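S.K.: Sharing a sequence plus its predicted fold:
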Amino acid sequence: MMVSFIPCYKKFDPIKQLLRTIVTMLLATALLSSFAARAEDIQIKFVEIDAIDEGYQFNADFEIALNPILEKALKKGIVLYFVTDFKLLSPRWYWLDKIVARNKQRDALSYYALTRQYRLSGGALLQKQSFSTLKEALRILSRVRNRPIIATSELKKEIEYIAKLHMRLDLSRLPKPFQVEALGSKEWNISSDRMQWKITLPSQRLILVDKP
């Protein structure tokens, strides 16, 4: 007696396959976001805008943590430059949003082996300050106060704007050999999230973000 076998093929369902692909992509995105959150070394904790006689200013609190690679670079005499960038944008549906006001400041963190002190220098409020510990220097660096928001066009209180805030380590100011080392390195590429909010300019004070 001859026995024959007929192979059985499952019917291909394109909808099910598409759903599986979407679920896989979502899980991968969530996983990458989780890794990015763990690697984040600068966090935005608090932001507010004040109305003053000359216009507006902003205050912000960050949480800055340096990894061992950056601490070692400081001890070797490498100056670390941190850029804080606050922008107000006017949304435009037909083109890119327009920057109508901005404050961008670069602050330098350095270490002097002779005096065993850390030093901060930057805007008019900081000038040059020395600290005996890195923790103390980072605490002052993380407290941004009374930064004027320089308007490039007239600001109106009844208009809704987009506020954006970001702090990062400025790799372009590193010595050339360290710039090469920093390429693609998560230890050197530290920054905060690029946070943004829709706001209407206040008459007095407006708190945008307040994290515990």
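M.R.: Sure thing, it's come through.
S.K.: can you tell me which strand in this protein is longest?
M.R.: Counting residues, the longest strand found in the chain (DSSP state E) is strand 98-112.
S.K.: Note down every partner strand of that one and its orientation.
M.R.: strand 80-90 (antiparallel), strand 117-121 (antiparallel), strand 150-151 (antiparallel) (DSSP bridges).
S.K.: which residues are in contact with the first one?
M.R.: The contact list for strand 80-90 (CB atoms under 8 Å, 6 or more residues apart in numbering) reads 58, 60, 64, 66, 70, 73-74, 97-110, 141, 144, 147, 149, 151, 155, 159, 161-170, 173. Heads up, the C-betas are built off the backbone N, CA and C, glycines and all.
S.K.: Which of those are buried? Put it as a PyMOL command.
M.R.: For the buried members of the contacts of strand 80-90, the matching PyMOL selection, counting by 16 or more other CB atoms under 10 Å, is:
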select buried, resi 58+60+64+66+70+73+74+100+101+103+105+107+108+109+110+141+144+147+149+155+161+162+163+164+165+166+167+168+169+173
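S.K.: can you tell me how far the closest residue to residue 65 other than its chain neighbours sits from residue 82?
M.R.: Among residues not flanking residue 65 along the chain, residue 41 sits closest, at 5.0 Å (CB to CB, 6 or more residues apart in numbering). Between residue 41 and residue 82 the computed distance is 11 Å (CB to CB, to the nearest Å).
S.K.: now do residue 122
M.R.: Residue 122 is 8 Å from residue 82, by CB to CB.
S.K.: re the thing from before, and the residue nearest to residue 65, what is it in contact with?
M.R.: By CB under 8 Å, 6+ apart, residue 41 lies in contact with 64, 65, 66, 67, 190, 191.
S.K.: try residue 166
M.R.: Contacts of residue 166 (CB under 8 Å, 6+ apart): 84, 85, 191, 192, 193, 194, 195.
S.K.: Ok, residue 116 next?
M.R.: Counting by CB under 8 Å, 6+ apart, residue 116 touches residue 132.
S.K.: Read off the pLDDT value for it.
M.R.: Per-residue confidence at residue 116 stands at 93 (pLDDT).
S.K.: Show the backbone phi and psi for it.
M.R.: In terms of degrees, to the nearest 10, the main-chain angles of residue 116 are phi 60, psi 50.
S.K.: And it, how close does it get to residue 75?
M.R.: Taking CB to CB, one finds residue 116 at 10 Å from residue 75.
S.K.: Mind checking what helix or strand follows the helix or strand of the chain with the lowest mean pLDDT in sequence?
M.R.: Within the chain, judged by mean pLDDT, DSSP states H and E, the helix or strand with the poorest mean is helix 14-39; its value is a mean of 46. Of the helices and strands lying after helix 14-39 in sequence (DSSP states H and E), the nearest is strand 42-52.
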